[in-house]
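**Student:** sequence plus the predicted model coming up.
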Amino acid sequence: MSPTPSSFPRLILAPMEGVLDAIMRDQLTAIGGYERCVTEFVRVSQTLLPRRVFHRYAPELKHGGVTPSGVPVFVQLLGSDPALMAANAARAATLGAPGIDLNFGCPAKTVNRSQGGAALLRTPLLIRSICQAVREHVPNTVPVTAKIRLGYDTEDQFEEILDALAQVELSELTIHARTRRQGYRPPAHWHQLSKATQKMPYPVIANGELWSPSDVTRCAAISGCDTFMLARGALCRPDLAAAIQGHHRGIAPPAFAWQQTQELLIQFLERNQQTYDERYAVNPVKQWLMYLRTYYPQAGALFNEVKRINDPTQMAQALMAPSRSEAA
């Protein structure tokens, strides 16, 4: 299916383990441009998880399943037992999840060793069984989506994986355009996604190496996708989704200034102090600065100043100080 002006681009904020939590989802979706976002994965291994686990990963469930700016938050599950995945998906739906996403793409070795995430790409029929079981146990009004890669070690099974998933009534399929072995190393193989857009009976979402509006335009032309999942690019440039939307409409919104990003960092620290033990509140800020320095040179300089700070008060003072370029 080729992109059309009315539908292009639809943007989704990716699930990134240990990074894109509820606080970050709130801050990025408030800037605008996103249709929905997805939680970090909820690990399903041995039991039907209690309500508190779902609320920990998706506190938005207490508020209609949306971020404070009204963006729906799908709950992502990771596991390999069809019955357990189905039972937990049904519970998430009962708790108000606006959608269920199934993780078959996580490349982490610890996850793969326990037969989770991308490890399942080696068994397409099991992926199909999990998706089918979840779809059967979740109300038809609740979308069920899945996220995969091109394969585990190679792309040899990619079409077999697509054939298996085409037999399930999913709502959408996100494809990270690399294998598990390729991890996050560039390039992303967008051309492979065209096989999926031609074969699948439902929309395909492109993921991988989407850093700018021009990347999305090129990916659309190569892959045939009209929906895109933003991950690291969204962390490096907080207004990326809004910039992509503006670019498509022929509008050039002002670039997000460093001063605006500083304000986001200050808010981020304050929110983390309310959520985590003070000993750990500064760590997410340092982590975000490492992403931001890809787009903002000031973030790199600031990271070098604060990387040994462990006290939230000292971190707040550093974040509020003018950058060296401004002081000059």
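**Tutor:** Structure received. As the structure is a computational prediction, the values presented were derived from the model and not from experiment.
**Student:** buried stuff in stretch 33-53?
**Tutor:** 33-34, 36-44, 49, 53 (16 or more other CB atoms under 10 Å). C-betas here are computed from N, CA, C, even on glycine.
**Student:** I'd like the average pLDDT over that stretch.
**Tutor:** Mean pLDDT, computed over stretch 33-53, is 97.
**Student:** cool, and stretch 201-212?
**Tutor:** Stretch 201-212 shows a mean pLDDT of 98.
**Student:** gap between the two ends of that stretch?
**Tutor:** Distance across stretch 201-212, first residue to last, is 29 Å (CA to CA, to the nearest Å).
**Student:** buried ones in that stretch?
**Tutor:** In stretch 201-212, counting by 16+ other CB under 10 Å, buried: 203-212.
**Student:** what does stretch 74-91 give?
**Tutor:** For stretch 74-91, the neighbour count (16+ other CB under 10 Å) marks 74-82, 84-91 as buried.
**Student:** just the residues you listed: which are in strands?
**Tutor:** If you go by DSSP state E, these have 74-78 in strands.
**Student:** could you dump those residues to TSV with distance to H137 and pLDDT?
**Tutor:** Shown next, in TSV, are those (distance: CB to CB, whole Å; pLDDT from 0 to 100):
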residue	distance to H137	pLDDT
F74	16	98
V75	14	98
Q76	16	98
L77	12	98
L78	17	97
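**Student:** pick the one among those residues closest to I251.
**Tutor:** Closest approach between these and I251, by CB to CB: F74, at 28.5 Å.
**Student:** isn't the closest one up against E35?
**Tutor:** No - using CB atoms under 8 Å, F74 is not in contact with E35; the gap is 10.7 Å.
**Student:** quick one: the strands in the chain, in order.
**Tutor:** So, for the chain - with DSSP E - the strands run 10-13, 36-38, 42-43, 73-78, 100-104, 144-149, 172-176, 204-207, 227-230.
**Student:** redo the ones you listed as JSON lines? Include distance to P253.
**Tutor:** Output for these, formatted as JSON lines (distance: least, CB to CB, whole Å):
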{"stretch": "strand 10-13", "distance to P253": "15"}
{"stretch": "strand 36-38", "distance to P253": "21"}
{"stretch": "strand 42-43", "distance to P253": "35"}
{"stretch": "strand 73-78", "distance to P253": "25"}
{"stretch": "strand 100-104", "distance to P253": "29"}
{"stretch": "strand 144-149", "distance to P253": "29"}
{"stretch": "strand 172-176", "distance to P253": "26"}
{"stretch": "strand 204-207", "distance to P253": "23"}
{"stretch": "strand 227-230", "distance to P253": "16"}
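**Student:** quick one: closest of those to P186.
**Tutor:** strand 172-176 (12.6 Å).
**Student:** can you list contacts of that closest one?
**Tutor:** Outside of strand 172-176, the residues within contact range by CB atoms under 8 Å, 6 or more residues apart in numbering are 12, 101, 105, 143, 145-150, 165, 188, 192-193, 196, 200, 202-208, 227, 229.
**Student:** now it: mean pLDDT?
**Tutor:** In this model, strand 172-176 has a mean pLDDT of 98.
**Student:** and what of stretch 279-295?
**Tutor:** 95.
**Student:** now do the end-to-end distance for it.
**Tutor:** Termini of stretch 279-295 sit 28 Å apart (CA to CA).
**Student:** only the buried residues of that stretch, if you could.
**Tutor:** 281-282, 284-286, 288-289, 291-293, 295.
**Student:** could you do stretch 163-182 as well?
**Tutor:** Neighbour count says stretch 163-182 has 164-165, 168, 170-180, 182 buried, by 16+ other CB under 10 Å.
**Student:** show the pLDDT at the spatially closest residue to M16 that is not a sequence neighbour.
**Tutor:** Closest residue to M16 apart from its sequence neighbours, by CB to CB, 6 or more residues apart in numbering: A231 at 5.7 Å. The model reports A231 with a pLDDT of 97.
**Student:** ditto for R324
**Tutor:** 48.
**Student:** hang on, the earlier thing: need phi/psi at the residue nearest to M16.
**Tutor:** The phi and psi values for A231, taken as degrees, to the nearest 10, are phi -130, psi -100.
**Student:** didn't it look like it was pressed against A14?
**Tutor:** Yes - counting by CB under 8 Å, A231 sits close enough to A14 to count as a contact (3.8 Å).
**Student:** any shared contact partners between the two?
**Tutor:** Joint contacts of A231 and A14 (CB under 8 Å, 6+ apart) are 20, 207.
**Student:** give me the more crowded residue out of the two.
**Tutor:** Using other CB atoms under 10 Å as the criterion, A231 and A14 rank with A14 on top: 24 against 21.
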